[in-house]
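Colleague: below: sequence and its predicted model.
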Amino acid sequence: MSTSTENTVTKQPDTMTDGKQARSNRWLNRTVGGVGLTSALGDFCYETTTVILPGFLAVLGLPAALLGIIEGIADAVASFTKMAAGYIADKLGHRKLLVLVGYGLTPAGQSLIALAVGWPLLLMGRVVAWFGKGLRGPLRDAIVAQAISPGTRGRAFGFHRAMDTVGAVVGPLLGVAILGWVQAWHWHDATGPFRLVLWLSLIPGVLAVLSFLTLVKDPRHTPNPALKFFTALGELPSRFKRYLGAVGLFGAGDFSHTLLILAATQLLTPSTGVVQAAQVAGLLYVLRNVVQVSTSYPIGVLADRYGSMPVLVVGYVLGALTAILTVLAFWLNTNSIVLLGTIFSIAGLYMAAQEALEAVVTADLVNVDKLGMGYGALGTVNGTAKFASSSLVGVFWTAISPVFGFSLAALLMTAGTVALIRLRVRYQN
């Protein structure tokens, strides 16, 4: 390992709350459990929308390019919000209130989507919901990181991502079931069943706010009113900045999985019709989430045992494989459930590693007094890259072909994987 001081994470004294250590010896404490429950309810709300949004766009007659642009803009808004939220929290010392506002904006955005008859309200609703997602993400992760000991971060974040995905399994599954049940009702137009599911998804969104309010205790965070944004950003460790470069390169190909749902819908529609294709694609997305929820905690355990960086590298390899197999599906123009199920399963596995371990590596590399900024920077890089990815894949899908769009994604994800491997090797030698 390099011996330069910039690569050494300084151990900070544990923050004290009510005379007790904020970092519990037990990784599964009230804060971690409360954050997990809140995330499950929050994902129940917005992942239900994610799984039916491609079908909703299809019945509204909107093209794939528009979906990619909407998802890309929403990701970009979330990313820049994360950076600002991390800086404000580190400067003012208030995190819980901002997280609550973030969770409250998700059902607000869902309401706009449910009312949409064209792309403007769809875009506005997605932006509002993702603004809330960006606001809460880095601050919630910082709260979790300070509520546990460093040696159990993999397990704690793995558990959190698993709970996060429980909502992403139950919500879409229930949404698809309701969609299939109510389509036999007499509707004035084809959008009626989709709108009903969107309105019902608001219930868990409101419960998420109440859960975080009542269960989560934020370790006392000392304000730093003298903190300057660009100064603090420049003082982040150089190794962390190189890590962000690899994350950003991979993220530039890491397209929104809403496009993966749309891909399955398009491939299945000729043989089943659009409504049934949307249902099957939704179930495939549920499969992705089942894989993610069942592997998140084991991946966290492996990271605690063998190191978070090498396990994250494996996750990145699987991400590139997901894009390559999607190219193959379009090249063959297949409606094979086996191939599509394999694609979604591998996607769930790589997402489990990515979402849990990118946060763990960040906590390992950034000092606790700038942890909010670190998570904000990570979120900004990821969101900016995904804006480019989702937009480019959607545009190239429409303008040239889906094979070209997903091939570009595969190339960028592979390049990011290579960059992460080189970073790991550099600091091992």
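Modeller: Arrived safely.
Colleague: for A162, what are its contacts?
Modeller: Neighbouring residues of A162 by Cβ atoms under 8 Å, 6 or more residues apart in numbering: G36, Q292, V293, S294, S296, Y297. In short, each C-beta sits where N, CA and C put it, glycine included.
Colleague: how about 6 Å then?
Modeller: Residues counted as contacts of A162 (Cβ atoms under 6 Å, 6 or more residues apart in numbering) are V293, S296, Y297.
Colleague: helices - which of the residues you listed land there?
Modeller: V293, S296, Y297 (DSSP state H).
Colleague: how near is P270 to G42?
Modeller: The spacing between P270 and G42, counted by Cβ to Cβ, to the nearest Å, is 36 Å.
Colleague: now do L332
Modeller: 37 Å.
Colleague: ok, these two, which is more surrounded?
Modeller: A side-by-side neighbour count of L332 and G42, using other Cβ atoms under 10 Å, places G42 first with 29 against 11.
Colleague: apart from its neighbours in sequence, what residue is nearest the more buried one?
Modeller: A208 (4.1 Å; Cβ to Cβ, 6 or more residues apart in numbering).
Colleague: low pLDDT regions in the stretch 151-300 of the chain?
Modeller: Residues of the stretch 151-300 of the chain meeting the criterion pLDDT under 70: 184, 219-230, 232.
Colleague: can you give me the helices in it?
Modeller: Using DSSP state H, counting those that start in this stretch, the helices of the stretch 151-300 of the chain run over 153-182, 192-200, 202-215, 229-234, 238-251, 257-272, 274-306.
Colleague: nearest to A84, of the ones you listed?
Modeller: helix 229-234 (8.7 Å; Cβ to Cβ).
Colleague: what's the helix or strand for the closest residue to L332 other than its chain neighbours?
Modeller: The spatially closest residue to L332, leaving aside those adjacent along the chain, is L339, at 8.0 Å (Cβ to Cβ, 6+ apart). For L339, the host element (DSSP states H and E) is helix 337-365.
Colleague: quick one: residues contacting the closest residue to D304 other than its chain neighbours.
Modeller: Excluding the flanking residues, the one nearest D304 by Cβ to Cβ, 6+ apart is G154, at 3.8 Å. By Cβ under 6 Å, 6+ apart, the contact list for G154 reads G300, A303, D304, V360.
Colleague: likewise A353?
Modeller: Each residue near A353 by Cβ under 6 Å, 6+ apart is listed here: I299, L312, G315.
Colleague: need the residues you listed in a markdown table (columns: neighbour count and distance to Y350).
Modeller: Converted to a markdown table, the contacts of A353 look like this (neighbours: other Cβ atoms under 10 Å; distance: Cβ to Cβ, whole Å):
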| residue | neighbour count | distance to Y350 |
| --- | --- | --- |
| I299 | 28 | 10 |
| L312 | 27 | 10 |
| G315 | 25 | 5 |
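Colleague: now, which of those residues sits nearest L371?
Modeller: For the contacts of A353, the nearest to L371 is L312 (18.5 Å; Cβ to Cβ).
Colleague: contacts only, for the closest one.
Modeller: Applying Cβ under 6 Å, 6+ apart to L312 gives the contacts A353, L357.
Colleague: and the angle for whichever strand or helix holds it with helix 274-306?
Modeller: Take DSSP H and E as the rule and L312 turns out to sit in helix 308-332. Calculated by axes from the mean of the first three to the mean of the last three Cα atoms, to 10 degrees, helix 308-332 forms an angle of 160 degrees with helix 274-306.
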